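Novice: okay, sequence plus prediction incoming.
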Amino acid sequence: MYRLMKSERFTLDHLTSGLMSFYRQTQVECFQQFRAALRACEAANNGKSRYYLLNASGQEYYQGTWID
């Protein structure tokens, strides 16, 4: 199983610390086949947010390799 994930950046204005950025990770869709997941990820990355793939072991697919 492959999960298409979305990473969104948010900036908050904290009273004492000032501006702080954080990232929210959300699962968008699950796929049984890697090729279908990769096509969906590539198509989704044409927008503002960053999309990436995770495999069943929780590794991220990055530039042709699965990384921890």
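Specialist: Cool, got the structure. Numbering: from 1, shown residues only.
Novice: so where is the protein shaky, pLDDT-wise?
Specialist: Low-confidence segments of the chain, defined by pLDDT under 70, are absent.
Novice: now do the contacts for the most far-flung residue of it relative to its centre.
Specialist: Most distant residue from the mean C-alpha position of the chain: Thr16, 30.0 Å away (C-alpha atoms, centre = their mean). Shown in contact with Thr16 (C-beta atoms under 8 Å, 6 or more residues apart in numbering): no residues. C-beta: built from backbone N, CA, C; applies to glycine.
Novice: hang on, it in a helix?
Specialist: No. The assignment for Thr16 by DSSP: H, G, I helix; E, B strand; the rest coil gives coil, which leaves it out of any helix.
Novice: ok, it to Trp66 distance?
Specialist: As defined by C-beta to C-beta, to the nearest Å, Thr16 lies at a distance of 40 Å from Trp66.
Novice: and what of Met5?
Specialist: With distances taken as C-beta to C-beta, Met5 is found 14 Å from Trp66.
Novice: so between these two, which is more surrounded?
Specialist: Neighbour comparison, Met5 and Trp66: the larger count goes to Met5, with 18 against 13 (by other C-beta atoms under 10 Å).
Novice: am I right that the more buried one is in contact with Asn55?
Specialist: No. Here Met5 lies out of contact with Asn55, judged by C-beta atoms under 8 Å, at a distance of 11.2 Å.
Novice: what ranges does this protein have for its strands?
Specialist: Secondary structure of the chain by DSSP state E: the strands cover 2-14, 18-31, 50-54, 60-62, 65-67.
Novice: burial count for Tyr61?
Specialist: So Tyr61, with other C-beta under 10 Å, has 17 neighbours.
Novice: repeat that for Arg24.
Specialist: Residues within reach of Arg24, counting by other C-beta under 10 Å, total 10.
Novice: that one: what's it in contact with?
Specialist: Contacts for Arg24 were tallied using C-beta under 8 Å, 6+ apart; they are Ser7, Glu8, Phe10.
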